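[1] Here is my input, please return the structure:
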Amino acid sequence: MEIAMDLRVLLKYLNIKKVEGPTDFPVRGLAYHSSRVQPGFIFFCLGGTRADGHEFIPQAVDAGAAAVVVEKDLDIFGATKILVSDVRIAMAAISEIFYDFPSRKLRVIGVTGTNGKTTTTHLIEAILSAHNEKTGLLGTIKYKINGDSLPVLATTPEAPDLQRMLRKMADRKVKYAIMEVSSHALELNRVSGCDFDIAVMTNITGDHYDFHETQERYLSAKAKLFSQLGGSFLKGSLPRFAVLNRDDPQFEYLLRHSTVQSISYGIRNPADVEAKNIEVKEDGISFLLCSPWGTEEIVLNLTGYFNLYNALAAASVALAEGVPLSTIKASLAGVRGVPGRFERVDLGQDFLVIVDYAHTPDGLDNILQTARGFARGKIITIFGCGGERDRAKRPEMGRIAGTYSDYCILTSDNPRGEDPWQIIREVEDGLREKKEIGRGYTIQPNRYEAIKLGIELARPHDIVIIAGKGHENYQIFSDYTIRFSDRETAEEIIRNRLKNKV
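    This is a model prediction of the structure:
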């Protein structure tokens, strides 16, 4: 994608404190990592928890940066200095202008919430694709444009990457851009300049307090998505909507922050889109979908009440977009699973193995309660907590695992820069309230050995749940990262067990 735009055009709409150097030259790209700078690029000096982009100005200039956007009034040699009050806001604005306002040419659907974002976006994408619409998907597991997969950069990418992806979608005549919108992205203004048409809330519990610090700030970040729907009820001739979980305690809060029409969905409270006659089984859910657009029997090949909510959210979006109930029914029945989301590992063994991304108390509670609902044997849970993340959730996750599991194996997740044993001890504080070490739980810091132990302990009809990493294919330590997949590890160990059994 070759783009060049005069710097004067990019700066025309910015609130700039100072410019030093020429501005009459074409900008050929945008970068916020000095290693990605090429000749003619603008380099944005972002502040970070581990490094400050201002420290990398010399490297960026040496790589050919023609302009540098800064918050600190430093002396810069060899490139035009652009001093602003907020680099992130300036980066979002310049990105949107540079890529020619791509979200205005798309129907943009943003999905936010503590849990369920990935599954909900996949279900929306599946329904709209079945309705013969061209779609693009941006999320934790994959980026897709018209069915073609692209490398994943982040759940919600930084503004230059996001606008570049949206530009690609617009160029390929995509109609719907469906994206996960994380609380980090909202707080850090990654989606500023994104013209959303539909904002979806899955649920809001607590997460990322290491970053947001308080529940109030976390909730405020989520609310940004709904307030960003703008003051107009229409984009062109099409309406904007907020799609909200009526059963979530934060429903009223987000409804107040939205300025457009809302569609509610739920199970317990009266809503626009409701599920009735619900039957949850080991292999799926059946329910009656009731809405102003009609009523339809739905069979979902995903289990758990949390997936029922995800399906209702996706159906609400599709109904608002004019998709027939018959298409929604067929599409939902056709989704066999989402990688790392209550994903079965089935090689013909006589016990069930499930891999799930659950890394929050609410997520772990959801999957364990679901498993408890159809368990015919024991539940063996293998889990841990990530390092350099919210420490307050660690004992709570221990308590939840101990409450719903017959046996727990406490292990490492992504310890990052923390001592794995310190993380384990903090999780164990909660687990000890429910289980006794040696009888109700054990500790095995090596994740491979922990999964091996859990599978070796399984007997017919037992359920082994491997929680925390889901689709991830790596494990992060303080100074190195290894390739590691819970699913692949489980498959290898199950295969060996079956082989030795013969």
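
[2] Please report how far the closest residue to residue 362 other than its chain neighbours lies from residue 215.
    Closest residue in space to residue 362, ignoring its immediate chain neighbours: residue 205 at 3.9 Å, by Cβ to Cβ, 6 or more residues apart in numbering. Using the backbone N, CA and C atoms, a C-beta is placed for each residue, glycine as well. Per Cβ to Cβ, to the nearest Å, residue 205 is found 9 Å from residue 215.

[3] So for those two, which sits in the more crowded spot?
    residue 205 (19 against 14; other Cβ atoms under 10 Å).

[4] helix or strand for the closest residue to residue 251 other than its chain neighbours, which one?
    In space, and not counting its chain neighbours, residue 251 is closest to residue 244: 5.5 Å by Cβ to Cβ, 6+ apart. Residue 244 belongs to strand 241-245 when assigned by DSSP states H and E.

[5] tell me the mean pLDDT over that strand?
    The pLDDT scores in strand 241-245 average 96.

[6] tell me what it is packed against?
    Packed against strand 241-245 by the contact rule (3 or more Cβ pairs under 8 Å, 6 or more residues apart in numbering; DSSP states H and E) you find strand 198-201, helix 251-257, strand 261-266, helix 305-320.

[7] Mean neighbour count, the ones you listed: which tops it?
    strand 198-201 (a mean of 29; mean count of other Cβ atoms under 10 Å).

[8] Show me what that strand is in contact with.
    107-113, 120, 124, 181, 222, 225-226, 228-229, 240-245, 248, 250-251, 254, 258, 313, 316-317, 320-321 (Cβ atoms under 8 Å, 6 or more residues apart in numbering).

[9] likewise stretch 316-330?
    Against stretch 316-330 from outside (Cβ under 8 Å, 6+ apart): 107, 109, 124, 127-128, 130-131, 198, 200, 239, 241, 243, 263-265, 272-273, 289, 291, 293-299, 315, 331.

[10] Now, of these, which are buried?
    107, 109, 124, 127-128, 130-131, 198, 200, 241, 243, 263-265, 272-273, 289, 291, 293, 296, 298, 315, 331 (16 or more other Cβ atoms under 10 Å).

[11] number of nearby residues for residue 55?
    11.

[12] part of a strand, is it?
    No: Residue 55: not assigned to a strand; according to DSSP: H, G, I helix; E, B strand; the rest coil it is helix.

[13] Next one: it from residue 271, what distance?
    From residue 55 to residue 271 the distance is 51 Å (Cβ to Cβ).

[14] what does residue 218 give?
    24 Å.

[15] rewinding a little: mind checking which of the contacts of stretch 316-330 are in strands?
    107, 109, 198, 200, 239, 241, 243, 263-265, 273, 289, 291, 294-299 (DSSP state E).

[16] Run a quick neighbour tally on the closest residue to residue 458 other than its chain neighbours.
    Nearest residue to residue 458, sequence neighbours excluded (Cβ to Cβ, 6+ apart): residue 351, at 4.2 Å. Counted with other Cβ under 10 Å, residues neighbouring residue 351 total 19.

[17] what do you get for the one 3 residues further on?
    Look at residue 354: counted by other Cβ under 10 Å, it has 23 neighbours.

[18] Kindly report the same for the one 5 residues further on.
    Using other Cβ under 10 Å, residue 359 is surrounded by 23 other residues.

[19] From residue 397, how far off is the closest residue to it other than its chain neighbours?
    Once flanking residues are discounted, residue 359 sits nearest to residue 468: 5.0 Å by Cβ to Cβ, 6+ apart. Counting by Cβ to Cβ, the separation of residue 468 from residue 397 is 9 Å.

[20] Common neighbours of those two, please.
    With Cβ under 8 Å, 6+ apart as the test, residue 468 and residue 397 both reach 383, 385.

[21] Over to the spatially closest residue to residue 405 that is not a sequence neighbour: give its phi and psi.
    Leaving out its chain neighbours, the residue that sits closest to residue 405 by Cβ to Cβ, 6+ apart is residue 381, at 4.0 Å. Dihedral pair for residue 381: phi -110, psi 130, per degrees, to the nearest 10.

[22] any idea whether residue 493 is helix, strand or coil?
    Residue 493 - assigned by three-state DSSP - is helix.

[23] quick one, what contacts it?
    With Cβ under 8 Å, 6+ apart, residue 493 has these contacts: 451, 452, 455, 456.

[24] Can you flag the buried ones in these?
    451, 452, 455.

[25] quick one: the helices in the stretch 101-250 of the chain?
    117-130, 159-171, 183-187, 209-212, 215-227 (DSSP state H, counting those that start in this stretch).

[26] Of all those, which one comes closest to residue 18?
    Nearest to residue 18, of all these, is helix 159-171, at 22.1 Å by Cβ to Cβ.

[27] So what touches the closest one?
    Helix 159-171 is contacted by residues 1, 30-32, 44, 88, 91-92, 95-96, 98-100, 102-103, 105-106, 108, 136, 138, 143, 145, 150, 153-154, 156-157, 177, 189-194 when judged by Cβ under 8 Å, 6+ apart.

[28] For ChimeraX, write the select line for the buried members of those residues.
    Selection of buried members from the contacts of helix 159-171 for ChimeraX, criterion 16+ other Cβ under 10 Å:
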select :30,31,32,44,88,91,92,95,96,98,99,102,103,105,106,108,136,138,143,145,154,156,157,177,189,190,191,192,193,194
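
[29] Out of the contacts of helix 159-171, list just those in strands.
    30, 31, 44, 108, 136, 138, 143, 145, 150, 177.

[30] Output the residues you listed in JSON lines, with distance to residue 365 and pLDDT appended to each entry.
    Output for the ones in strands among the contacts of helix 159-171, formatted as JSON lines (distance: Cβ to Cβ, whole Å; pLDDT from 0 to 100):
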{"residue": "30", "distance to residue 365": "41", "pLDDT": "97"}
{"residue": "31", "distance to residue 365": "41", "pLDDT": "97"}
{"residue": "44", "distance to residue 365": "40", "pLDDT": "97"}
{"residue": "108", "distance to residue 365": "32", "pLDDT": "96"}
{"residue": "136", "distance to residue 365": "33", "pLDDT": "97"}
{"residue": "138", "distance to residue 365": "28", "pLDDT": "95"}
{"residue": "143", "distance to residue 365": "30", "pLDDT": "91"}
{"residue": "145", "distance to residue 365": "35", "pLDDT": "94"}
{"residue": "150", "distance to residue 365": "34", "pLDDT": "85"}
{"residue": "177", "distance to residue 365": "32", "pLDDT": "97"}
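
[31] Using TSV, lay out those residues together with distance to residue 165.
    What follows is the ones in strands among the contacts of helix 159-171, written out as TSV (distance: Cβ to Cβ, whole Å):
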residue	distance to residue 165
30	13
31	15
44	17
108	12
136	7
138	6
143	7
145	8
150	8
177	8
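
[32] Nearest to residue 392 among those?
    residue 138 (29.6 Å).

[33] and the residue lying closest to residue 153 once chain neighbours are set aside, how many neighbours?
    Excluding the flanking residues, the one nearest residue 153 by Cβ to Cβ, 6+ apart is residue 161, at 5.4 Å. By other Cβ under 10 Å, 19 other residues sit near residue 161.

[34] And residue 161, how far from residue 225?
    18 Å.

[35] cool, and residue 29?
    28 Å.

[36] what does residue 102 give?
    18 Å.

[37] And for residue 118?
    16 Å.

[38] next one: residue 282
    Taking Cβ to Cβ, one finds residue 282 at 35 Å from residue 225.

[39] Neighbour count for the two, which is higher?
    Ranked by neighbour count (other Cβ under 10 Å), residue 282 and residue 225 place residue 225 first, with 26 against 14.

[40] Go ahead and confirm the more buried one touches residue 181.
    Yes: counting by Cβ atoms under 8 Å, residue 225 touches residue 181, with 5.4 Å between them.
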